[in-house]
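J.: With the sequence up front, the predicted model follows.
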Amino acid sequence: VVSLIRDTQISVAFSEGGRVAGDAGCNRFKGTFTQGDGTISFGPLASTRMRCPSPEGVMDQESLFLKALESAATYRMDGDRLEFRNAENALAVTLRRAIE
């Protein structure tokens with residue numbers, strides 16, 4: 001489990017019709033998802049190609065986040081927390097609903 005690098009933010013928005021988009025820390029991404037009863041699959045996800053030299057490690061964080069999101073096989077909502085796990089039931093990504 002890895003926390004976000006200080007002063008970075010990742011966001012994900014889900015839309016009707018199986019669309020997903022967001023900010024992976026430096027680049028914007030978009031793609032599709034399919035959802036079942038507790039199951040989910042993403043991909044492929046496409047992102048813009050900007051290069052962000054700072055903060056240090058943000059590009060690696062972005063790559064790992066997108067790879068982890070694409071590995072998701074199941075999901076679970078718990079209050080404002082959304083948890084994705086891969087096919088081996090290992091934690092892939094945890095998101096928290098933004099306060100609007």
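T.: The structure has been received and is ready for your questions.
J.: Which parts of this structure are strands?
T.: Along the chain, the segments classed as strands by DSSP state E run 11-15, 19-23, 28-35, 40-42, 46-47, 72-78, 81-86, 91-96.
J.: which residues are in contact with the fourth one?
T.: For strand 40-42, the surrounding residues in contact (CB atoms under 8 Å, 6 or more residues apart in numbering) are 20, 31-34, 69-70, 72-75, 84. Yep, even glycine has a C-beta here, placed from its N, CA and C like the rest.
J.: could you redo the last one with a cut-off of 7 Å?
T.: With CB atoms under 7 Å, 6 or more residues apart in numbering as the contact definition, strand 40-42 has outside contacts at 20, 31, 33-34, 69-70, 72-75, 84.
J.: Okay, S54 and E16: tell me how far apart.
T.: For S54, the distance to E16 (CB to CB, to the nearest Å) stands at 36 Å.
J.: quick one: which of the two has more around it?
T.: Looking at S54 and E16 with other CB atoms under 10 Å, you find the greater number of neighbours at S54, namely 11 against 5.
J.: that older thread, compare the contacts of strand 40-42 and tell me which has the most neighbours.
T.: Neighbour count (other CB under 10 Å) singles out L69 as the most crowded of the contacts of strand 40-42, with 24 neighbours.
J.: Spit out the contact partners of that one.
T.: The contact partners of L69, by CB under 7 Å, 6+ apart, come to 42, 45, 84, 93.
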